[in-house]
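K.L.:
need a 3D model of the following:
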Amino acid sequence: MKPMISILSAAAGSATAFQVPSCSSFLYATSARRNYPPSSASKLYSSPLETETNNDDTSGGTYDDIESFQRDSRAGEDGYSLLRRPVTFDADADPTFAAPLVLDEREEEQLMDANKNWYEDRSSGGRTPGKKKDQSGKNSILGEYADVLQVSNDDTIANNNNKLQATRQNEEDQQLDMNQRTLETLDYPLVLRALAKECSTVKGQEIVLNSHTQSDKVQAASSNKDVDDDIATMPLTASSVTGVHHRYGAVQEMQRLMEGRVSGWVTSSRQQQQQQGNNKGKKKAQRKPLGAPPIDGDSFDLGPIFDIIDEGKVLEGPEILDITLMLEIAYDVLDWSRALKEFNEDEEESTSSNNDLQQDPFVELPRLTQSITIDDELFHLLTNAFDDEGKLSGTTFPGIGRLRAKVRTYKRDIISSIESILSLPSMKSKLAVESGGSLTMEINGRLVIPVQQSYSNSVGIVHDASRSGKTAYVEPSEIVGPTNELRQAEAELRAEEARVWRQLTEMIVLHREEIERNVASVGQLDVTMARVKLGKRLEGVVPTVAEDGVVSVKEARHPILLLRGLEGVVGSDVDIGQDGNMGLILTGPNSGGKTIVLKLLGLYALMVRDAIPVPSKSHEPARVDFFSPILADIGDIQSAESDLSTFSGHMLVCREVMANADKNALVLMDELGSGTDPNQGVAIAQAILEALLDRNCRVAITTHYLELKQLASTDDRFAVAGMQFKNGKPTYKLLPGVIGESFALAVAE
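P.N.:
Take a look at the predicted model:
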């Protein structure tokens, strides 16, 4: 049973007790939904009028009988007490209720009971029968769990050293993560962040930023050839050369659309569906020029929405509207994809007699949208769930419409009745009008009028009184019954709206998988558009990609330098893997750009796996083959804590490189063999290089060792290139076939 407020009234000399629902249950439900502490609600709305339901003192009904209970409740604002407020009784406005707290109705009832028990315990000062106290006299909050906690604390103290030792042992046994080290040393996260910024949806950003966060995911993608078959799991990074071809094909198709090089029209079938759902007359379908996919207008951030569902809660208006907008955009994307297929058909018919005019068909972009499915029942339900004011539609949900009309009727009748009462000559002499102000006020949703306290018993039920005690605020007897019926109708309306909120949430849960797949498809389109935009910033091209271990690019420029907006970035012709050339030895002055070229090779290889256009000379063919894995040792990993010197750090990396490098690997090593005696360092470096080439890897290194520079003259598998040094300073230009000097003294000067 819900807490009740006992209101005493006297009519015709006899006292009766009239009970109305207490606001405490509603307050605690509201405070729980908005994370307000229940205590603040109880303090704000507590009143001496609130008593236990089994109050036996019903002998009096006059103001004098309850005056002592009301003295403390007179403080308020603008002449009103805490209970008495201005009238909000608008017959033309439908009541609004918050969505239910949880999806399971029984769980919400248990929550309300828990709030009620908490409030009753709080009201009784914590004197709950049967509650035991500990030896210190305080309430035993932990109860039976106190011993368990003590045991847990003892175990924690006893095992601290063991855990610390285990942690240290794990650190010692941990292997070097070469995938992560490669990404970091090549500064590839900067490229990924630039790509993510070009995405307009949260889903697109997630696809980009989650692609290389964990090395095991990258390795799994490399070994799983079917990962691209499911749009829901399709990563940014291709696991094979075929995956690269699909992604780059989509980029080229998207580029044609974004540049307006395709003639065609998109017809909106969604508007026709909505018109049929709203029983409106059929209008001519809108047509738009065929261009980029219509995915603007929503972030497609499903995470927070499904987090609410996973917690067992009910979705509210904003979340449901967000899902609805996602479905509407997905519908538009389907129309767009259908237009691509129609373009293919029209192009095939129009060019059957002249193949020279035929454009390439759209293949990859329709493949990204083929998983989009929209359930008609779900679509019609969500798109028609709300009216123009953002409330649950009384037309779509007739039960809500009928109850709202019923509530409005009750309100009009109550207002009409109280206006009639106030116009009676016999009532005018009983009214307390000395203080001025409105003659109608509201207390807990019940209308009251100011009456002289001597007449209050004959008018109706007393709900409040003025601070002086001369005025009683009375609910006329004529509207008590209708107001009770109004409250019952509002309760039914609240229950019906709660049922609808749950129905909407359950429908979304039922179609969760298809919604997630639709969003994944839109995310892939967003990433494809981002690739085109980033490629334009980099003045990039889509290279030819094979599996022969070849890199051949004219005027290759470092992507990070271009993203920084630097002017005059020097380009260099880079070649490796052709004519038996499997290894490239980069030579030249200190600070002359050797490491820049080394990183450039790695960045191009990574960008190709992610289908990002690479900077290259326009109108010149570029080729960057598919490499896996890509391993780079650039920079120092010396550590006093891990007892690693410069040399031992490089040897640790070399060990991991030899363990992971295989055919089709690209290995990049900066200053290989440095950090120790030059003669021994050269021997180690040469042995590592020859071992990698024997595995058919592609290798590029930087060095100042003359013996390594001369490898190209004794081993046809190696080529040498030097960084140009002109007029006493480096030009950062790579010169193929040239052995560059270090020019250490000149650079130092």
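K.L.:
what bridges to Pro289?
P.N.:
Trp265 (DSSP bridges).
K.L.:
got the phi and psi for the residue nearest to Pro621 when sequence neighbours are not counted?
P.N.:
Distances taken as C-beta to C-beta, 6 or more residues apart in numbering place Thr544 nearest to Pro621, at 6.7 Å, with adjacent residues excluded. C-beta coordinates here come from the backbone N, C-alpha and C atoms, glycine included. Backbone torsions for Thr544, taken as degrees, to the nearest 10, come to phi -70, psi 140.
K.L.:
quick one: Thr544 and Ala622 touch, right?
P.N.:
Yes - judged on C-beta atoms under 8 Å, Thr544 makes contact with Ala622 at a distance of 7.0 Å.
K.L.:
compare the two (neighbour count), which wins?
P.N.:
Higher neighbour count among Thr544 and Ala622: Ala622, with 25 against 13, using other C-beta atoms under 10 Å.
K.L.:
confidence score at that one?
P.N.:
pLDDT for Ala622: 95.
K.L.:
repeat that for Glu198.
P.N.:
Listed pLDDT for Glu198 reads 97.
K.L.:
just give me the neighbour total for the closest residue to Val202 other than its chain neighbours.
P.N.:
Once flanking residues are discounted, Val202 sits nearest to Asp301: 3.8 Å by C-beta to C-beta, 6+ apart. By other C-beta under 10 Å, the residues close to Asp301 number 15.
K.L.:
show me the contacts for Asp301.
P.N.:
Applying C-beta atoms under 8 Å, 6 or more residues apart in numbering, we find Asp301 in contact with 201-203, 322.
K.L.:
let's go with 10 Å and repeat that
P.N.:
With contact set as C-beta atoms under 10 Å, 6 or more residues apart in numbering, Asp301 has these partners: 201-203, 205-206, 322, 326, 519.
K.L.:
now do the SS call for it.
P.N.:
The assignment at Asp301 comes out as coil when based on DSSP: H, G, I helix; E, B strand; the rest coil.
K.L.:
chain center to stretch 534-541: distance?
P.N.:
28 Å (C-alpha atoms, centre = their mean, to the nearest Å).
K.L.:
whoops, stretch 541-561 was the one
P.N.:
Relative to the centre of its chain, stretch 541-561 is centred 35 Å away, using C-alpha atoms, centre = their mean.
K.L.:
could I get the buried residue list for it?
P.N.:
Buried positions in stretch 541-561, judged by neighbour count with 16 or more other C-beta atoms under 10 Å: 541-543, 545, 549-561.
K.L.:
name the helices or strands packed onto the one helix or strand His380 maps to?
P.N.:
Per DSSP states H and E: His380 is located in helix 376-383. In terms of contacts (3 or more C-beta pairs under 10 Å, 6 or more residues apart in numbering; DSSP states H and E), helix 376-383 is packed against helix 270-277, helix 317-350, helix 477-510.
K.L.:
quick one: buried residues of stretch 454-465?
P.N.:
By neighbour count with 16+ other C-beta under 10 Å, stretch 454-465 contains the buried residues 456-457, 459-465.
K.L.:
which SS state does His463 fall under?
P.N.:
With three-state DSSP as the criterion, His463 reads strand.
K.L.:
check whether it really touches Pro476, as I assumed.
P.N.:
No - the criterion here is C-beta atoms under 10 Å, and His463 misses it with Pro476 at 11.2 Å.
K.L.:
what do the two both touch?
P.N.:
The contact sets of His463 and Pro476 overlap at 447-448 (C-beta under 10 Å, 6+ apart).
K.L.:
show me what the host helix or strand of Ile207 is packed against.
P.N.:
In the assignment (DSSP H and E), Ile207 maps to helix 202-209. The elements that helix 202-209 packs onto, with contact taken as 3+ C-beta pairs under 10 Å, 6+ apart, are helix 188-197, helix 303-310, helix 512-537.
K.L.:
so which elements touch the shortest one?
P.N.:
With contacts defined as 3+ C-beta pairs under 10 Å, 6+ apart, helix 303-310 has these neighbours: helix 202-209, helix 317-350, helix 477-510, helix 512-537.
K.L.:
of these, which approaches Ile576 most closely?
P.N.:
Proximity to Ile576, assessed across these by C-beta to C-beta, is greatest for helix 512-537 (22.6 Å).
K.L.:
okay, angle between that closest one and helix 202-209 too, please.
P.N.:
Per axes from the mean of the first three to the mean of the last three C-alpha atoms, to 10 degrees, the angle that helix 512-537 makes with helix 202-209 is 60 degrees.
K.L.:
tell me how many other residues crowd the closest residue to Val682 other than its chain neighbours.
P.N.:
Nearest non-adjacent residue to Val682, counting by C-beta to C-beta, 6+ apart: Glu707, 4.6 Å away. The burial count assigned to Glu707 is 16, neighbours taken as other C-beta under 10 Å.
K.L.:
same check, this time on the one 4 residues further on
P.N.:
Applying other C-beta under 10 Å, we find 22 other residues in the vicinity of Leu711.
K.L.:
equivalent analysis for the one 5 residues further on, please.
P.N.:
Asp716: 11 surrounding residues under other C-beta under 10 Å.
K.L.:
can you tell me the SS state at it?
P.N.:
Classified using three-state DSSP, Asp716 is coil.
K.L.:
circling back: and the helix holding Ile207, which residues are buried?
P.N.:
Residues of helix 202-209 classed as buried by neighbour count (16+ other C-beta under 10 Å): 202-209.
K.L.:
now what about that helix, what contacts it?
P.N.:
Outside helix 202-209, the residues that touch it by C-beta under 10 Å, 6+ apart are 189, 191-199, 201, 234-236, 295, 298-304, 326, 516, 519-531, 610.
K.L.:
filter those residues down to the buried ones, ChimeraX style.
P.N.:
Per 16+ other C-beta under 10 Å, the buried members of the contacts of helix 202-209 correspond to this ChimeraX selection:
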select :191,192,194,195,196,198,199,201,234,235,236,295,298,300,302,326,519,520,521,522,523,524,525,526,527,528,529,530,531,610
